[in-house]
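Visitor: when you get a sec, could you give me coordinates for this:
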Amino acid sequence: MCRIGAIKSKKYFHPSKALRLMRSQQEGHDNSGFAMVMQDLGGVFENYKDLPILSMACTDEGIKIAEDILHKKGFVRVFQWTPLVYPDENLNINPMPNYVFQVYQYPKLYNYAPKEEKEELLVEMRLTIRSILDEKDAGYVYSFWPDVIMLKEIGDPTDIGKYFDLWRENDDLTAKIITAQCRQNTNYDIVRYAAHPFFLQGYTALANGENTFFEKNRNFQKKLYKGYIGFESDSQSFLYTLHYIHKILKWPLIYFKHVITPLPFEEIVNRDDQKVLQYIRGSLSNLEINGPNTVIGVLPDGTVFTCCDAKKLRPVVVGGDDETVIVTSEVIGINDLLPDRDWSKDIYPNEREMVVINNNMEVQRWQQ
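Guide: Presented below is the predicted three-dimensional model:
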């Protein structure tokens, strides 16, 4: 099984806390990788909230490819942060030559463009960069989006933390939301793109489990939006379903749960919203999932949520205090980071609910 986690706080915190959260659950993963998405950034990125940040792991050629594409389109680099790395032959890590975190100013033609037009531009740029990087075998581009950075690495999570000096807290690299997983992909080829979390246009998703309806999901999703590509992991379909339901269809978040684990027909007919739920089952049945799964998601506005498969076959727990809320696979992870919280308020979500954390750290339980 995988181990997944999300930390959401009112104050900026360092990614060492995400590493600690995963280390506490080390028995539940295989030490094959570590990946994280940091959103609502502080530190060196705090003054660039509205500008897109490019996150890459690549060769020297890969840097040139990305910069040439962006400069040709009119993007101007305004800031670059390069992590200090500490190579050691005793570390179990398979690093790339370069890790790129660059902030860009939009092309002048887009200074007064609508938000939606800018968002589509960023997707197009990332897809273009990815296509050429793949063709040249020159690296990986994870995100090109404001107020977000991503890192995906192969190796032992403890050693990855040592390589990037992530165990030592500092004020340079902080965020208010970090999602993380400690395991590389084991069902398909091990590539960095396959590692959770997955990200698209402000939406993040990561999962613990199996999705046996993956082929059905993928074949349907490929036709829905240009950004639904890759599919290196069966869990990637969760991200695309979340994005499609909430971003493209503009449905309330609760319907994400109704799409992936719809209620039985015999229950639907007794509900006031039966027509809506019947339409969902009729039109979006190809987005239903099957198999044991726990999903953690983040919306562009900072909302964090979790939900489970229809039989609750994978663990998840939510716990926190007035300042920080943590969603993760095992309670031992929360115990390590928040030992003084009120443990009686911990929530173990059931198969028919979503647990949602808003920006005031209010924890809500939405029943399906």
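
Visitor: can we go C-alpha only for contacts and neighbour counts from here?
Guide: Fine.

Visitor: tell me the SS of the residue of the chain most remote from its centre?
Guide: Centroid-distance maximum for the chain: residue 270 at 35.8 Å, with Cα atoms, centre = their mean. Under the three-state scheme (DSSP: H, G, I helix; E, B strand; the rest coil), residue 270 adopts coil.

Visitor: what about residue 64, how many neighbours?
Guide: 13 (other Cα atoms under 10 Å).

Visitor: surely it is in a helix?
Guide: Yes. Counting by three-state DSSP, residue 64 is found in a helix.

Visitor: how much space between it and residue 151?
Guide: Residue 64 is 20 Å from residue 151, where distance means Cα to Cα, to the nearest Å.

Visitor: what does residue 161 give?
Guide: Taken as Cα to Cα, the span from residue 161 to residue 151 is 11 Å.

Visitor: check residue 332 too.
Guide: For residue 332, the distance to residue 151 (Cα to Cα) stands at 24 Å.

Visitor: which of the two has more neighbours?
Guide: residue 151 (22 against 17).

Visitor: so the more buried one: helix, strand or coil?
Guide: strand.

Visitor: what sits against it?
Guide: 35-37, 55-56, 142 (Cα atoms under 8 Å, 6 or more residues apart in numbering).

Visitor: got those residues as TSV, with pLDDT and neighbour count columns?
Guide: Shown next, in TSV, are the contacts of residue 151 (pLDDT from 0 to 100; neighbours: other Cα atoms under 10 Å):
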residue	pLDDT	neighbour count
35	93	27
36	96	26
37	98	25
55	98	23
56	98	26
142	97	23
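
Visitor: which one among these gets closest to residue 276?
Guide: residue 37 (33.7 Å; Cα to Cα).

Visitor: wait, is that closest one part of a strand?
Guide: Yes. Under three-state DSSP, residue 37 sits within a strand.

Visitor: show me the helices in the stretch 101-250 of the chain, by range?
Guide: Counting by DSSP state H, counting those that start in this stretch, one finds helices in the stretch 101-250 of the chain at the ranges 115-136, 157-163, 214-221, 236-243.

Visitor: then the longest one to CSV, C-alphas only?
Guide: Below are the C-alpha coordinates for helix 115-136, written out as CSV (Å, rounded to 0.1, in the frame of the first residue of the first chain):
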residue,chain,number,x,y,z
LYS,A,115,-8.0,34.7,-15.9
GLU,A,116,-9.3,31.7,-17.9
GLU,A,117,-7.2,32.7,-21.0
LYS,A,118,-4.1,32.8,-18.8
GLU,A,119,-4.8,29.5,-17.3
GLU,A,120,-5.2,27.8,-20.7
LEU,A,121,-1.9,29.4,-21.8
LEU,A,122,-0.1,27.9,-18.9
VAL,A,123,-1.4,24.5,-19.7
GLU,A,124,-0.4,24.8,-23.3
MET,A,125,3.1,25.9,-22.3
ARG,A,126,3.5,22.9,-19.9
LEU,A,127,2.3,20.4,-22.5
THR,A,128,4.6,21.9,-25.2
ILE,A,129,7.6,21.7,-22.9
ARG,A,130,6.7,18.2,-21.8
SER,A,131,6.3,17.0,-25.3
ILE,A,132,9.8,18.2,-26.4
LEU,A,133,11.4,17.0,-23.2
ASP,A,134,10.0,13.6,-23.8
GLU,A,135,11.2,13.6,-27.4
LYS,A,136,14.7,14.5,-26.3
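
Visitor: which parts of it are buried?
Guide: Within helix 115-136, the residues that count as buried by 16 or more other Cα atoms under 10 Å are 118-119, 121-123, 125-127, 129-130, 132-133.

Visitor: ok now that helix, how far from the chain's centre?
Guide: 18 Å (Cα atoms, centre = their mean, to the nearest Å).

Visitor: now do the shortest one
Guide: Relative to the chain's own centre, helix 157-163 is displaced by 20 Å; criterion: Cα atoms, centre = their mean.

Visitor: repeat that for stretch 215-232.
Guide: Offset of stretch 215-232 from its chain centre (Cα atoms, centre = their mean): 17 Å.

Visitor: 39 is where my numbering starts, stick with that
Guide: Sure, I'll start counting at 39 from here, so that last one is stretch 253-270.

Visitor: give the buried residues for it.
Guide: Buried residues in stretch 253-270 (16+ other Cα under 10 Å): 255-256, 259, 265-266, 269-270.
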